[in-house]
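> Please work out how this folds:
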Amino acid sequence: MSPRALRVLLSPVIFCVAATLAHAESATEPRPRDAAWVKRHEGFVALAKQGDIDVLFIGDSITDFWRREDKKSGGKKIWDQNFAPLKAANFGISGDRTQHVLWRLENGELEGISPKAVVLMIGTNNTGFERDGKTVRNTPAEVVEGVTAIVKKLRTALPQAKILLLGIFPRGEKPDHPQRLQIAEINAAIAKLGDRKMVHYLDIGPRFLRADGTMPKEFMPDFLHPGELGYEIWADAIKAPLAALLK
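Residues are numbered from 1 along each chain as shown. Here you go, the predicted model:
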């Protein structure tokens, strides 16, 4: 067996062993972050109070960077062309995990709005390890619980809104990247949240990959965040499903 094949085989085992040794915070217990983060959250609360939002995007940096003009890690031009005319609002914050989104939703970001649709993608920052390389952020099962809690919160607070739940985008250049494997497990589980009535699951991850599973740098220059071309792929993939939800 080749070293690469052995790494693929053992990576889930290594992750599970590490999970028994050290663990980060809960994926389902709402938590705030630092003062700068709270200030951004307060800006979203103020925006929500103004109302007039038909489409709400919720997520982490991958969603947040729709507002960036940098072609290497931003999609503002694509956003302005495709979603701004839909009265869309971007409530993405870089670095967020499921527990942070839960805190935001429970502290005012859904008050004053009645969107017709919510586009949700969250969970990539719950995977892998903390910066110490030892502390596990969350297991795939825990991330699934966190995403499930967010979907339930949205359904309760915005019962009229249809949810487009996106599978977490792949990350890492190669198909055997450890977090890529975790994400595949998470996506297989959260797909079951789709009921084809109010929650619609969509996995567009394969659009960012070659046939052999590798990720072209022109789609995601850092193998995590889409560049402008990646955002164009994202927009093209959800335009028709989103339009259907808005009817």
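
> ok, and what's touching stretch 230-247?
54-55, 65-66, 74-75, 78-79, 81-83, 86, 116-117, 119, 162, 164, 166, 200, 202, 204, 207-208, 219-220, 226 (C-beta atoms under 8 Å, 6 or more residues apart in numbering). In this view, the C-beta of every residue, glycine as well, is placed from N, C-alpha and C.

> As a check, name the ranges of all helices in the protein.
3-21, 35-50, 61-64, 76-82, 98-106, 140-157, 178-190, 228-246 (DSSP state H).

> is it possible to export those to JSON lines including mean pLDDT and distance to residue 91?
Formatted as JSON lines, the helices of the chain follow (pLDDT from 0 to 100; distance: least, C-beta to C-beta, whole Å):
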{"stretch": "helix 3-21", "mean pLDDT": "43", "distance to residue 91": "30"}
{"stretch": "helix 35-50", "mean pLDDT": "98", "distance to residue 91": "5"}
{"stretch": "helix 61-64", "mean pLDDT": "98", "distance to residue 91": "8"}
{"stretch": "helix 76-82", "mean pLDDT": "98", "distance to residue 91": "13"}
{"stretch": "helix 98-106", "mean pLDDT": "98", "distance to residue 91": "7"}
{"stretch": "helix 140-157", "mean pLDDT": "98", "distance to residue 91": "11"}
{"stretch": "helix 178-190", "mean pLDDT": "97", "distance to residue 91": "19"}
{"stretch": "helix 228-246", "mean pLDDT": "98", "distance to residue 91": "16"}
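
> Pipe those into a markdown table and attach distance to residue 126 and mean neighbour count per row.
Compiled in a markdown table, the helices of the chain are given as follows (distance: least, C-beta to C-beta, whole Å; neighbours: other C-beta atoms under 10 Å):
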| stretch | distance to residue 126 | mean neighbour count |
| --- | --- | --- |
| helix 3-21 | 12 | 12 |
| helix 35-50 | 16 | 14 |
| helix 61-64 | 13 | 22 |
| helix 76-82 | 25 | 17 |
| helix 98-106 | 6 | 22 |
| helix 140-157 | 4 | 19 |
| helix 178-190 | 8 | 20 |
| helix 228-246 | 21 | 17 |
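
> and residue 196, which of the ones you listed is closest to it?
Across those, residue 196 has its closest neighbour in helix 228-246 (11.2 Å, C-beta to C-beta).

> Just the C-alpha atoms of that closest one, please, in PDB.
Only the C-alpha atoms of helix 228-246 are listed here, as PDB (Å, rounded to 0.1, in the frame of the first residue of the first chain):
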ATOM      1  CA  GLU A 228     -14.000  35.600  -8.700                       C
ATOM      2  CA  LEU A 229     -14.300  32.600 -11.100                       C
ATOM      3  CA  GLY A 230     -15.300  30.400  -8.100                       C
ATOM      4  CA  TYR A 231     -18.000  32.900  -7.100                       C
ATOM      5  CA  GLU A 232     -19.200  32.900 -10.700                       C
ATOM      6  CA  ILE A 233     -19.500  29.100 -10.500                       C
ATOM      7  CA  TRP A 234     -21.400  29.400  -7.200                       C
ATOM      8  CA  ALA A 235     -23.800  32.000  -8.600                       C
ATOM      9  CA  ASP A 236     -24.500  30.000 -11.800                       C
ATOM     10  CA  ALA A 237     -25.200  26.900  -9.700                       C
ATOM     11  CA  ILE A 238     -27.800  28.400  -7.400                       C
ATOM     12  CA  LYS A 239     -29.600  31.000  -9.600                       C
ATOM     13  CA  ALA A 240     -32.200  28.600 -10.900                       C
ATOM     14  CA  PRO A 241     -32.800  26.800  -7.600                       C
ATOM     15  CA  LEU A 242     -33.100  30.100  -5.800                       C
ATOM     16  CA  ALA A 243     -35.500  31.500  -8.400                       C
ATOM     17  CA  ALA A 244     -37.700  28.500  -7.900                       C
ATOM     18  CA  LEU A 245     -37.800  29.100  -4.100                       C
ATOM     19  CA  LEU A 246     -38.700  32.700  -4.600                       C
END
